[in-house]
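Colleague: sequence and computational prediction follow.
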Amino acid sequence: MAGFLRAFNASLVRRPMLTQCATYAVLFGAGDVLAQQAFEKKGKDHDFVRTARLTFYGGGIFGPLVATWLGALNRAQFSSPLKGVIYRVWLDQAVFSPIMVGVFFSSMSFLEGKGIPGAKERINESYVSTLVRNWAVFVPAQAVNFALVPAHMRFAVVGTVSLFWNAYLSAVNAYSAQHVEVAAVSEKKDE
């Protein structure tokens, strides 16, 4: 384990973007597996395409955005360490999180072939409640992260918390997608 951590840390120094994107791909994929197996009890009916979508989102969309964002927050200078923590948490949760919750639901809709109408319905269905729950989880997590964790390892704290958050997001997205499909079928029957 110590050898893996040394290699991981060395990879963070040599190729930070690639390492963080690969890490988020694994964490989003693992979060979906956790959602499907532990929460939804899918067993052998596991939806591997769904896991692939979330893995792609984690490594190809979320990973580069969060790596760039955390890099910018880490470079920002503040007059005191306490102000740095307060402003970083505020910026992260008032600017980045609202955007990323929308990006998540939109991306999932597009990756599922639902397009703009599906994205709008999914955002209307789940955006506000998901954002509020995000704040309940990530405001305290990021406060600890920005106060105590060295800058180059902050993404790992976000990633660890995100494993469970991603399981939640995956389950909410799956529920929302099913709910939107049921509503669409009901509307067609009414026509």
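Modeller: It's in. Just so we're clear, the structure is a prediction, and the values are computed from it rather than from any experiment.
Colleague: just the helices in this structure please.
Modeller: 2-14, 16-34, 48-56, 63-75, 81-91, 97-111, 115-148, 154-190 (DSSP state H).
Colleague: pLDDT weak spots in the chain?
Modeller: Across the chain, the ranges flagged by pLDDT under 70 are 177-191.
Colleague: correct me, but V89 touches A147?
Modeller: No. Taking contacts as Cβ atoms under 8 Å, V89 lies outside contact range of A147: 9.1 Å. (Each C-beta comes from the backbone N, C-alpha and C, glycine too.)
Colleague: thinking again about what came up before, pick the most deeply packed of the helices of the chain.
Modeller: Most buried of the helices of the chain, by mean neighbour count (mean count of other Cβ atoms under 10 Å): helix 16-34, with a mean of 21.
Colleague: which residues sit in contact with the residue nearest the centre of the chain?
Modeller: With distances taken as Cα atoms, centre = their mean, the chain has N166 as the residue nearest its mean C-alpha position (5.6 Å). Shown in contact with N166 (Cβ atoms under 8 Å, 6 or more residues apart in numbering): 27-28, 30-32, 34-35, 54, 58.
Colleague: now L34
Modeller: Applying Cβ under 8 Å, 6+ apart, the residues near L34 are 163-164, 166-167, 170.
Colleague: re earlier: from M100, how far off is the residue nearest to the centre of the chain?
Modeller: According to Cβ to Cβ, to the nearest Å, N166 stands 12 Å off from M100.
Colleague: about what we covered before: which among the helices of the chain is found nearest to E40?
Modeller: helix 154-190 (6.4 Å; Cβ to Cβ).
Colleague: V157 touches A151, doesn't it?
Modeller: No. Counting by Cβ under 8 Å, V157 does not reach A151; the two are 11.1 Å apart.
Colleague: could you find the closest non-adjacent residue to A25?
Modeller: Nearest residue to A25, sequence neighbours excluded (Cβ to Cβ, 6 or more residues apart in numbering): G59, at 2.8 Å.
Colleague: the one you found against T19, yeah?
Modeller: No. Using Cβ under 8 Å, G59 makes no contact with T19, being 10.9 Å away.
Colleague: tell me, how many residues neighbour the residue nearest to A25?
Modeller: Look at G59: counted by other Cβ atoms under 10 Å, it has 21 neighbours.
Colleague: can we start the residue count at 99 from this point?
Modeller: I'll keep to 99 as the first residue from here, and by that count the last item is G157.
Colleague: got the contact list for it?
Modeller: Per Cβ under 8 Å, 6+ apart, neighbours of G157: 119-120, 122-124, 126.
Colleague: distance of it from R231?
Modeller: Applying Cβ to Cβ to G157 and R231 gives a distance of 24 Å.
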